[in-house]
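Student: got a predicted structure here, sequence first:
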Amino acid sequence: MEISNTVKKAIIPVAGMGTRMLPATKAVPKELLPIIDKPIIQYIVEEALLAGINEIIFITRYGKEAIENHFDKNFDLELFLKQSGKKKILKNFPDTLLSNISIISIRQEKPLGLGHAVLQAKKILKKDEPFAVMLPDEFLLNESKNGDLKQMINSFNLSKKGQILVDKVDMNNISSYGVVNLKGDYSKPKNKKIFNIVEKPFAKNAPSNLRVVGRYVLPYSVMINLNKIKKDKTGEFQLTSAIQKSIKEDNDDFIAFISSSKIFDCGTKEGFLSANIEMALKDKSLKKLILNTVKR
């Protein structure tokens, strides 16, 4: 029997300043930086569509209007391409690919952390409605039609347990991430219950080598608890704090879902370059160009 999909909305925070990619992001939102010829944010929205999401909620700010414009129709440009015999280009335009998905934007007035950003979407959700959260810095490349997010949503629909995507990371880099505590042996990880999430621990204190990736499928209790948490030491409201509250006070179960994707942090120069190279190597002409360039 087919299980109906209860997760229809994805919250995508796009209000960040993009400081790690300056000066490229001084005038251009980091989410519009291209991987080959398509902006990062379009890949993220397409990923959501393939996972069964039909409504995108951008949490945005002043100066990020270009993201919304990218997903709007541009009649003059489209007419020009048709009249110039370049009609094929239109098939990759977002308004063509994403005609079955609705997009709305909500302004975040102050940068008060990921938890605060996600909370701005509360008014859009129905009572007790689960939701996905997708962080656009993380570009996931998966050859399967059933990508991580789609599998996470399927798992949620079956179990009603929150799903948090995780991936193995070198212990030398562990202090840059949220790390899950699964209790017991994690050397051969599989999808397991999360008992705790530690934000950016020192390697010696890390409960595992599994770091949180920017994909979540969450029960509505997390949204309620975002209204109850306090600011952390940096003055921000953290999504992790609300998840912890749901675990400890509401007895909600959350599963560490092991990623099967190649993951690129496109908020860094290294990750952004790696993603472009990876995608270029999938194109015959670009692959040849890269190999010839490297040989020089």
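Tutor: Okay, I see it.
Student: okay, strands next: where are they in this protein?
Tutor: In the chain, the strands defined using DSSP state E lie at 9-13, 34-35, 38-39, 55-60, 102-107, 131-134, 138-141, 162-168, 178-181, 192-193, 196-199, 210-218, 254-258, 262-265.
Student: how near is residue 164 to residue 140?
Tutor: 14 Å (Cβ to Cβ, to the nearest Å). In this view, the C-beta of every residue, glycine as well, is placed from N, C-alpha and C.
Student: again, but for residue 71
Tutor: Distance, residue 71 to residue 140, using Cβ to Cβ: 20 Å.
Student: please apply the same query to residue 103.
Tutor: For residue 103, the distance to residue 140 equals 20 Å [Cβ to Cβ].
Student: between those two, which one's more packed in?
Tutor: More crowded of residue 103 and residue 140, by other Cβ atoms under 10 Å: residue 140, with 23 against 16.
Student: who touches that one in this structure?
Tutor: Applying Cβ atoms under 8 Å, 6 or more residues apart in numbering, we find residue 140 in contact with 47, 147, 148, 149, 213, 215, 259, 261, 262, 263, 264.
Student: what is the neighbour count of residue 288?
Tutor: By other Cβ under 10 Å, neighbour count at residue 288 equals 10.
Student: what segments of the stretch 51-200 of the chain are helices?
Tutor: Applying DSSP state H, counting those that start in this stretch to the stretch 51-200 of the chain gives helices spanning 65-70, 75-83, 94-97, 114-119, 148-159.
Student: least reliable of those helices going by mean pLDDT?
Tutor: If you rank those by mean pLDDT, helix 94-97 sits at the bottom with a mean of 68.
Student: which residues does residue 198 bridge with?
Tutor: Counting by DSSP bridges, residue 198 is bridged to residue 179.
Student: so it makes contact with residue 179?
Tutor: Yes: the criterion here is Cβ atoms under 8 Å, and residue 198 meets it with residue 179 at 5.0 Å.
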